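Student: fold the following, please.
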Amino acid sequence: MNVAEVIEQSDEFVGALLCGSMAARTADELSDIDMIVLTREGGFIDAWAARGRLRGNDSIVFWDETHDGFPEAGAHKWLTGGVVLVECLIAAPSSGVRLAEPYLVVAGDDRIASMLKARPPISRDEMGATGSEVENCYDAFKIAVRDARRRTEEAG
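Tutor: Got it, this is the predicted structure:
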């Protein structure tokens with residue numbers, strides 16, 4: 001079962017928005033998957049407890065990131081068996097999480113985006129290093145492979 005199917009069949013989650021390069025349709029085979037999964041208002045604790053169902057049984061490793069300033073939001077991240085990084089922000093609509101374009105609704109009612117406040121697009125400078133060793137190594141891997149591909153293409 002994929003993430004959208006889990007959400008559609010769940011009582012804990014309201015819907016999901018795909019963000020970043022996947023939503024912009026500029027992703028390549030090395031791109032990560034960025035998404036926001038919304039919980040019911042007041043249902044963050046139950047949704048957070050159910051977060052493992054989102055990744056299924058295909059993960060190599062997973063970890064969580066939470067911040068004191070956002071008690072009703074947290075990031076659940078994992079590497080799939082196909083070595084794709086999935087960054088899943090789980091949040092209640094009133095958590096303070098904001099939504100930047102581009103995004104696509106991939107589960108739930110098409111109006112779920114209106115549950116979050118809008119924000120300007122996220123700049124590359126804002127993305128910076130996260131502190132997660134797995135994410136930093138994954139980013140370095142993507143850069144190295146894309147650079148090698150570019151050099152190979154330039155060499156003809």
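Student: from here on, contacts and neighbour counts on C-alpha atoms
Tutor: Will do.
Student: give me the element residue 6 is part of.
Tutor: Residue 6 is part of helix 3-8 when elements are defined by DSSP states H and E.
Student: partner strands of the helix or strand following that helix, parallel or antiparallel?
Tutor: The first helix or strand that comes after helix 3-8 along the chain, using DSSP H and E, is strand 13-19. Applying DSSP bridges to the sheet, strand 13-19 is found paired with strand 33-39 (antiparallel), strand 103-107 (antiparallel).
Student: what residues of the helix or strand following strand 13-19 count as buried?
Tutor: Next in sequence after strand 13-19, counting helices and strands by DSSP H and E, comes helix 20-24. Of the residues in helix 20-24, 20, 21, 22, 23 count as buried by neighbour count, 16 or more other CA atoms under 10 Å.
Student: returning to what we had before: what's the most buried one of the strands paired with strand 13-19?
Tutor: strand 33-39 (a mean of 24; mean count of other CA atoms under 10 Å).
Student: give me the contacts around that strand.
Tutor: Strand 33-39 is touched from outside by 12-20, 22, 47, 84-93, with contacts defined as CA atoms under 8 Å, 6 or more residues apart in numbering.
Student: next: stretch 112-121.
Tutor: With CA under 8 Å, 6+ apart, stretch 112-121 has contacts from 14-15, 17, 93-94, 96-102, 105.
Student: mind checking which of those residues are buried?
Tutor: 14, 15, 17, 93, 94, 97, 99, 102, 105.
Student: I'd like these as a markdown table, with pLDDT and distance to residue 115 appended.
Tutor: What follows is the buried ones among the contacts of stretch 112-121, written out as a markdown table (pLDDT from 0 to 100; distance: CA to CA, whole Å):
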| residue | pLDDT | distance to residue 115 |
| --- | --- | --- |
| 14 | 95 | 11 |
| 15 | 96 | 11 |
| 17 | 96 | 11 |
| 93 | 94 | 6 |
| 94 | 93 | 8 |
| 97 | 91 | 10 |
| 99 | 94 | 9 |
| 102 | 92 | 16 |
| 105 | 96 | 12 |
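Student: before we move on, the earlier item: in the helix holding residue 6, what counts as buried?
Tutor: 4, 6, 7, 8.
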